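[1] Sequence and predicted structure, then a few things I'm wondering about:
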Amino acid sequence: MKVLLSWLNDFADFNGLAKTVDEVVVKLVDAANGLGLVVEGVERVGEGLDGVVAVKVIEIHPIDGADRIRRILVDGGTGSLEQIVCGAFNFKEGDFVPLARPGVTLPGNFAIAKRKMRGVESNGMLCSARELGLGSDYDGLMILKSDGIRPGDDLASTLGIDSDVIIDLAIEANRPDANCHMGVARELAVFFGIDFKLPEIADLSAIERRSMPSEYLVEGANSLRLAKFDITKIERDRKISNRLELAGMRSISPSVDISNYLMLEIGQPTHPFDGDKVPGARVMVRIAAEGEPLETLDGQMRKLKGRSDSSDRSYDLVIADTNGLGLSIAGVMGGQSSEIDETSKNMLLEVASFRSDLIAKTSKRLGLRSEASHRFERGVDPAIGDFAIARFAQLAGVLPEYVDVVETEIARVSIVLPTRYIAERLGMEIDLELVSAKLGLLGFEITYDGEAMTVVPPTNRPDVTIAADVVEEFARTFGYRNITRTKLSNNRVGKISPKQRRRREVVNYLVARGYYEAWTSTLLAPNDMALMGDPSTPIKVKNPMAVDESTLRRSLSAGLAKALVSNLNRREETVQLFEIGKVFSLPKSGDLLPRESERLAILALSKGDSAPFATYRDLASFFGFFDEVSCERIDNVDEVVASGFIGFHPGRSLVLRKGGIIVGVVGELNPYAVEDLTSLLPQGRVSYVEIDLEATLYEVAGSRRPLTPSIYPAADFDLSFEVASNVLAVDVESLIARSIAGYNPKVSLIDSYTGDSVKVLSRSLTFRVQVVSMDHTLTEAEIRSARINAIEAIHQSGLGKLRE
Amino acid sequence: MDLSQLSVVLSDISNEFDQRMVEATTLAGIDQLKSDFVGKKGKVALLYRQLGQIEAPLRPSAGELINGVRDRIEATIDDLYPRIRLAERQTFLANDVNDPTSEVKTSNTGSGRIHPVTRTRIELEDIFVGMGFSVEEGPEAESEWYNFEALNIPKFHPARDGQDSFYLDLDGEDQVVLRTHTSPVQIRVMQSQTPPIYAVMPGRVYRRDTADARHTIGFHQIEGLVVDRGITFGHLASTIETFTKAYFGPDVNARLRPAYFPFTEPSAEFEVTCTICRGEGCRTCSGTGWIELGGCGMVHPNVLRAAGLDPEVFSGFAFGFGIDRLTQMRDEIADMRILTENDLRYMRTI
């Protein structure tokens, strides 16, 4: 919200805080920040207007060969017309506009000089509001209201402009009181300990005050006041329209301007109806009918929401005439039919108070935000109605003919808290007199009764409802910086969990092996998972930002495949990436939240054959889950896909199972899936591992433990088996190891051969087996027996046949 | 042969040795010299064999004469050997010259890199662990109740405007959103643990921000929660200041100013000394010397109640800020999208 220093000075003498305006501004900015009214910008205005005059446009001529500038003759009160070249087109002959003559320096140190454009001499510049530092409008020239202006009048005095300072404040949602100059000034005055005075109001004691029927209010509307004014008597007040413009609102007409001025000054939005367009000059509040149409001031037709039953706490309120015809959307925006215009003679000023949550819901539902709804949804002081009308009358210089009122009792909150409460919550001793003094000045009523204190917040602070709010109010005015700091005295030992430790180890392990950690999108295009081979319907986002980010990933494969290809397109030749992240699938029946699991994916592309299984085996044996997880050839692709692992090459990948459950895949990415997803068929093999971390690496129970080596010499022997093409070397290897477990065996594949010489079965695998005893040197007989046991185990399993 | 003849022979041998010694400049030459004179078949050994030709009474004296020469030769060689070895090594090293940078790089693997956001997260976790906090986690898809209602943000609350959420298309009773902040983890921690609670909660969050130059696919926050008996605003302020010094260093200060968050009361925005200008005022901090880092406050009684804790018994504070934002400050990242582009040219420089 933009506040003007001059306006704040109406309430308290802030100019008296320091010698210069600059010093005053520094003090105010610092104070406002400390009070939680955050200053987002400070702008000086109305400076550099010296020498700018109001002139009357007499003639407008085109310039040959130029279609963006024209030659203008103006009357500047000098007795002869002055010629100006101007690029604006928003004015006509007879308009009054500002002229900066040569020699004038405009805001921003912009010096005006005589110049020639297209051979035509220009004796100065006709100005927009922005060029004069008087607003943000730069659509064209600033058109001055013609009443009472004479050509040549000084612009600053014509507009009633003194130099001013605009302070832009960010007002938090819990500070409805600070959405007006009065509220901001009160806060600052209390902070500086200077006198605060309310603005002058007209004396309405002689004005007829009539009651309206209670049916004029419905649930959600707390009060309604109507004041009828003869607006033909209201004169333009340049100070008002000028301040409105500086505060960011357009000046419209004297009566509408006062309505808006009142809102910015004391925070009460009011709505001016054309009194002659409202039958009987009476309006009421009612609940909208379901689907009721209403055309708002902006010319849009709005469809309103009714109330289904008495428990429905979300419905629109309408201001209607006494026949029930809807005129405006309560608290949000006025309607077309009753809009005040240039021909209006009578104004019916509606001053009402609504329940904030209803206005918030209406505003959000209609996507319609106005200065009024912004204030109502945060909470407007419900006790300010009469004051608002009296202030309106004062500003208008016209008394209302009558005031009609219907209102409900204003509920006041009493907060009872132990007298020690504030001290205990802040953690320091607090003088209760200081509490009373600080909060008292803000309008809080505080009484003490033994160990309890009762706080009744002022009506403009609907946000203060509980003891914690009172603590904040005091802390804020006391100054957060003045609160004593106390070190936490916990004797707790901080720790990351075993799972978190394990995650860090995995990251370090992969980084040390040359992998880069990626962060790919959780949100994918609708088809991404399908292109990677997943036939199931992904979880959709109802309101995506872009179609490319509209479904939740079920696997990390698509993201990493995209990352791979974008790197290939950048001519990277070796790509090694990994990612740890969440994947999502439909909730288990009866659950609300999707199933979410943490996965690790490792991708490597290199020219030539890569060795994904080695990567996986190193990782798995390093982290000690290799023995608990079986690796099998994929014989049922659908089953693996159904478990959420997709994108793999079916002939060159293994499925990982633990206790029958699929916990991952290891092998290669399906190059055609990558091509379908990215339009690029990667050259070379893309090795890929994706595993469920909770089921594998985070299972600390299976952790590897270090072994003490034997002090006795080891012996080794080689075994070659002929195996079928579908037999996995790792299965043979682990069976050998299991069959001679008592010999502390170490089995490694040293040769794999496929060729013509292997007749019956298609492959030959050679393993080197090392055996050792922990308590003696193995005898020849023992070694022989180990060898025989291993061979027999393989023969019995049918996995292979020893090559003699 | 008599003693005088022997002396002449010895003197000849000795002279010859001296001459050849001068010529022996390599270790191989020394070895040859040693073998020629004092080796098993060397000239001196041969003399010992001729001792029999000398009269018996004179033999001891003859032996001594030979011993003297042998000892001198051996001592000379022992003395010479290390000097020659040193010289030889020096000569080799002096000539063994190469340009170490001239090796052709054959592979660009080697070590990889941790993601910069992960790096920041770990730094933060470690600092808070050092301050006695545990590290907690929660789901990224959350019910509206955990993400909003339990945190004292009812429907239509103005505070929801700033946190526009992605809604998931599911059939459940309650709506499910991608969490807009890590705060729902606070509720889960309070529900599953009994105070004292000292925890930080890092994680990925999602907001439906306007798609502009700074739009990224989610971002990361870290959230802190302390719930215990007698926790005060003074504790909060002190914790924020301790963290600031620990993370940014002794020159960076923290300050709190009043703010509004539905889930805390009193609430504060916390700012730290601008790390670019060190408080002087610059473009990054809009001339204020301070950078807004996050929000904090005393846990709202409604939030404690929603999580099943009695606000009359327990009090607490919470704080939260952006991990990506800290990463951006540390690495001076101009465009945050680089963090999700997985561009190896960038990643190699991390």
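    Nice, thanks for sending it over. Numbering: from 1, shown residues only, chains lettered A, B, ... in the order given.

[2] Show me the shaky parts of chain A.
    Where chain A drops to pLDDT under 70, the residues are A:136-138, A:160, A:490, A:606-612, A:700-704, A:755-761.

[3] Would you map out the domains in it?
    When chain A is parsed with automatic domain parsing, its domains come out as A:2-46+A:165-192, A:52-161, A:208-407, A:421-481, A:498-702, A:715-802.

[4] Next, format these as a markdown table and append mean neighbour count.
    Where C-beta positions appear, they are placed from N, C-alpha and C, glycine not excepted. Compiled in a markdown table, the domains of chain A are given as follows (neighbours: other C-beta atoms under 10 Å in any protein chain shown):
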| stretch | mean neighbour count |
| --- | --- |
| domain A:2-46+A:165-192 | 19 |
| domain A:52-161 | 17 |
| domain A:208-407 | 20 |
| domain A:421-481 | 18 |
| domain A:498-702 | 19 |
| domain A:715-802 | 15 |
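
[5] if we compare the ones you listed, which one ends up closest to B:A75?
    Nearest to B:A75 among these is domain A:715-802 (49.7 Å), distances taken as C-beta to C-beta.

[6] contacting residues around A:K361?
    Contact analysis of A:K361 by C-beta atoms under 8 Å, 6 or more residues apart in numbering or on different chains lists A:314-315, B:155-156.

[7] Enumerate the residues of the stretch 251-350 of chain B near chain A.
    Residues of the stretch 251-350 of chain B lying close to chain A (C-beta under 8 Å from any C-beta of the partner chain) are B:255-260, B:265-269, B:298, B:300-301, B:315, B:339-345, B:347-348.

[8] Distance to B:R85 for the domains of chain A - can I get that in TSV?
    Below are the domains of chain A laid out as TSV (distance: least, C-beta to C-beta, whole Å):
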stretch	distance to B:R85
domain A:2-46+A:165-192	78
domain A:52-161	83
domain A:208-407	91
domain A:421-481	74
domain A:498-702	41
domain A:715-802	42
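
[9] Doesn't A:M529 lie inside a helix?
    Yes: counting by DSSP: H, G, I helix; E, B strand; the rest coil, A:M529 is found in a helix.

[10] hang on, isn't A:A737 packed against A:P745?
    Yes: A:A737 is within contact range of A:P745, at 5.1 Å (criterion: C-beta atoms under 8 Å).

[11] Go ahead and name everything in contact with the helix or strand hosting A:L510.
    Using DSSP states H and E, A:L510 maps to helix A:498-512. Helix A:498-512 is contacted by residues A:496, A:517, A:578, A:580, A:600, A:602, A:619, A:622-623, A:693, A:697-698, A:700, B:111-114, B:118, B:122, B:125, B:135, B:137 when judged by C-beta under 8 Å, 6+ apart.

[12] In a helix, B:L58, correct?
    Yes: judged by three-state DSSP, B:L58 forms part of a helix.

[13] ok, for it, nearest residue in space, not its chain neighbours?
    Nearest-residue entry for B:L58: B:L3, 5.8 Å, with adjacent residues in sequence omitted and distances by C-beta to C-beta, 6 or more residues apart in numbering or on different chains.

[14] What of B:R325?
    Nearest-residue entry for B:R325: B:L293, 7.4 Å, with adjacent residues in sequence omitted and distances by C-beta to C-beta, 6+ apart.

[15] which SS state does that neighbour fall under?
    Here B:L293 is recorded as strand under three-state DSSP.

[16] residue contacts, it?
    With contact set as C-beta under 8 Å, 6+ apart, B:L293 has these partners: B:254, B:270-272, B:321, B:325-326.

[17] State the pLDDT value of it.
    Model confidence at B:L293, given as pLDDT, is 92.

[18] Poorly predicted segments of chain B, please.
    The model of chain B has pLDDT under 70 over residues B:101-109, B:158-159, B:161-163, B:210-216.

[19] Contact residues of the stretch 1-150 of chain A facing chain B?
    A:33-36, A:38.

[20] tell me which of these is nearest to chain B?
    Nearest to chain B among these is A:G36, at 2.8 Å by C-beta to the nearest C-beta.

[21] pull the CA atoms of the helix holding A:L510 into CSV?
    Output in CSV follows, covering the C-alpha atoms of helix A:498-512 (Å, rounded to 0.1, in the frame of the first residue of the first chain):
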residue,chain,number,x,y,z
PRO,A,498,21.0,-44.4,9.5
LYS,A,499,19.0,-44.0,6.3
GLN,A,500,20.2,-40.5,5.8
ARG,A,501,23.8,-41.6,6.5
ARG,A,502,23.4,-44.4,4.0
ARG,A,503,22.0,-41.9,1.4
ARG,A,504,25.1,-39.7,1.8
GLU,A,505,27.4,-42.8,1.5
VAL,A,506,25.6,-43.8,-1.7
VAL,A,507,26.1,-40.3,-3.1
ASN,A,508,29.8,-40.2,-2.2
TYR,A,509,30.3,-43.7,-3.5
LEU,A,510,28.9,-42.8,-6.9
VAL,A,511,30.6,-39.4,-7.1
ALA,A,512,33.9,-41.1,-6.4
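
[22] any idea how far B:G294 is from the residue positioned nearest the centre of chain A?
    Nearest to the geometric centre of chain A sits A:M545, at 13.3 Å (C-alpha atoms, centre = their mean). A:M545 sits 24 Å away from B:G294, going by C-beta to C-beta, to the nearest Å.

[23] Show me what the helix or strand containing A:S687 is packed against.
    In the assignment (DSSP H and E), A:S687 maps to strand A:685-692. Packing partners of strand A:685-692 (3 or more C-beta pairs under 8 Å, 6 or more residues apart in numbering or on different chains; DSSP states H and E): helix A:557-569, strand A:595-606, helix A:612-623, strand A:661-668.

[24] Which among the residues of the stretch 251-350 of chain B next to chain A count as buried?
    Burial by neighbour count, 16 or more other C-beta atoms under 10 Å in any protein chain shown: within these this picks out B:255-260, B:265-269, B:298, B:300-301, B:315, B:339-344, B:347.

[25] give the contact list for the spatially most distant residue from the centre of chain B.
    The C-alpha centroid of chain B is most remote from B:E55, which lies 82.6 Å away (C-alpha atoms, centre = their mean). By C-beta under 8 Å, 6+ apart, B:E55 lies in contact with B:D2.
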